[in-house]
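# Give me the fold of what follows.
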Amino acid sequence: MRNAFAKEVTRLAKKSSKLVLLSGDIGNRLFDDYKAIPNSNFINCGIAEANMMGVAAGLAMSKLKPIIYTITPFTTTRCLEQIRVDACYHDVPVIIVGTGSGLSYASLGPTHHSLEDFAIFRAIPNLTILAPSDGVELKKCLNEALKLDSPVYMRIGKKGEEIITDKSLKLKIGKSVTHKKGNDVCLIGTGTIMPEVIKAAEKLENKNVSVHIERFHTIKPLDKNSLRKIFKKFSLISVVEEHSQIGGLYGAIAEWRSLEKYHYNTRVLSFGTKDEFMHDIGSQHYARRKYGLDSQNIYKKTYSAFKK
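A predicted model of the protein is given here:
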């Protein structure tokens, strides 16, 4: 996904001199094409993410379009105060891109995991939260984010993500995407875990279970209209996210449901990480299996609940 981001931000910079890319001392070679653009605006802020956020907010107040790019934990929790006060309090159009989100850097330990970002940012006013599934959806999210006049956080993967998004998709922030229609159960997913969701659906289909798949590229604002339709139709829903089970997409849906006047007779399963730090060292694939975020576990638990 980072390559898709680099290509798209370079394309956009050729069209607008107002775009400014700020990096936390990563991706220097990744952005060679960007920096080769005459009069392009690229600032390597070094390993000083809090300062980078403040600089970006100042640029936004000066009518420019700053985009911050660095590894997710360092562009979120490390500079949380600056995001909250400098960007969100002033409600200025800073786009915060966190690469290697979720368990992408599982092999580097908890310092490089980002499993709390949705929960933290959902509570901050004025901030839109996006989680594209692949490089195609990333490009569409970035273009839509640049149209906003308010801060945006976009959580992306690292590299090699499977492409599942149709290039003809008309993406709109705050509107979920129906990936596949079905009648028996609904799988809701967000971000780069979506290929596992799709594989789980295929396993369920092999058991003659008709599966509906809904992709939520926007965590905030939540697509309440789509949720109402889904909850009215399905008695079983599985929510899958590479994030803590606390405060993420599942949490947002649970909060929405508790405030609805209509009582939905729907069982909702949560697939996410436990309330703990992962001290094991392994690949992203290993980490997903550890927390049951693999297609086999999603299929087994959903099928078991469906048969009851």
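# Go ahead and flag the most central residue of the protein.
A131 (1.9 Å; C-alpha atoms, centre = their mean).
# how far away is that one from E81?
23 Å (C-beta to C-beta, to the nearest Å). Heads up, the C-betas are built off the backbone N, CA and C, glycines and all.
# Against which helices or strands is the helix or strand hosting K14 packed?
K14 belongs to helix 2-15 when assigned by DSSP states H and E. Under the contact criterion of 3 or more C-beta pairs under 8 Å, 6 or more residues apart in numbering; DSSP states H and E, helix 2-15 touches strand 19-23, helix 32-35, strand 65-71, strand 95-99, helix 135-145.
# which of the ones you listed has the lowest average pLDDT?
Lowest mean pLDDT within the helices and strands packed on helix 2-15: helix 32-35, a mean of 93.
# Report the buried residues of it.
Y34 (16 or more other C-beta atoms under 10 Å).
# The next helix or strand after it packs against which elements?
Where DSSP H and E defines the elements, the next helix or strand beyond helix 32-35 is strand 41-44. For strand 41-44, the packing partners by 3+ C-beta pairs under 8 Å, 6+ apart come out as strand 19-23.
# Relative to the strand it packs on, what are the paired strands and their orientations?
strand 41-44 (parallel), strand 65-71 (parallel) (DSSP bridges).
# Now tabulate those in TSV and tack on distance to E144.
Output for those, formatted as TSV (distance: least, C-beta to C-beta, whole Å):
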stretch	distance to E144
strand 41-44	21
strand 65-71	13
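# Turn those strands into TSV, columns for mean neighbour count.
Output for the strands paired with strand 19-23, formatted as TSV (neighbours: other C-beta atoms under 10 Å):
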stretch	mean neighbour count
strand 41-44	16
strand 65-71	25
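# For A6, which of those strands is the nearest?
Nearest to A6 among the strands paired with strand 19-23 is strand 65-71 (8.8 Å), distances taken as C-beta to C-beta.
# which outside residues touch the closest one?
5, 9, 16, 18-27, 49, 52-53, 55-57, 59-60, 75, 93-100, 105, 112, 146 (C-beta atoms under 8 Å, 6 or more residues apart in numbering).
# Then stretch 160-180?
Looking at what lies outside stretch 160-180 - C-beta under 8 Å, 6+ apart - the contacts are 1, 128, 130, 132-137, 140-141, 144-145, 148, 192, 194-195, 198, 201, 211-218, 221-223, 226.
# Next step: these restricted to strands.
T128, L130, V211, H212, I213, E214, R215, T218 (DSSP state E).
# Out of those, which is nearest to N297?
V211 (15.7 Å).
# I'd assumed K199 was in contact with that closest one.
No: V211 lies out of contact with K199 (C-beta atoms under 8 Å); the separation is 11.2 Å.
# who has more neighbours, those two?
V211 (26 against 16; other C-beta atoms under 10 Å).
# and that one, bridged to which residues?
Assigned bridge partners for V211, using DSSP bridges, are V185.
# dump the residue contacts of it.
V211 neighbours (C-beta under 8 Å, 6+ apart): K180, G182, D184, V185, C186, L187, A201, L204, E205.
# run the last query once more with 6 Å
Contact analysis of V211 by C-beta atoms under 6 Å, 6 or more residues apart in numbering lists G182, V185, A201, L204, E205.
# same question, S133
I164, M194.
# now with 8 Å?
Per C-beta under 8 Å, 6+ apart, neighbours of S133: E161, I164, T165, G189, T190, G191, T192, M194, R215, H217.
# one step back: relative to M194, how far out is the residue nearest to the centre of the chain?
Taken as C-beta to C-beta, the span from A131 to M194 is 10 Å.
# again, but for N206
19 Å.
# Of these two, give the one with the bigger neighbour count.
M194 (28 against 9).
# And the furthest pair within the ones in strands among the contacts of stretch 160-180?
Across these (C-beta to C-beta), the longest gap, 29.0 Å, separates T128 and V211.
# burial count for K147?
8.
# Also the one 10 residues further on?
Burial of G157 is recorded as 27 neighbouring residues (other C-beta under 10 Å).
# Now do the SS call for it.
For G157, the assignment made with DSSP: H, G, I helix; E, B strand; the rest coil gives coil.
# Skipping adjacent residues, who's closest to the residue nearest to the centre of the chain in space?
Leaving aside its sequence neighbours, A131 sits nearest to G191 (C-beta to C-beta, 6 or more residues apart in numbering; 3.9 Å).
# I'd say the one you found and M154 touch.
No: counting by C-beta under 8 Å, G191 does not reach M154; the two are 10.4 Å apart.
# anything in contact with each of the two?
A131, P132.
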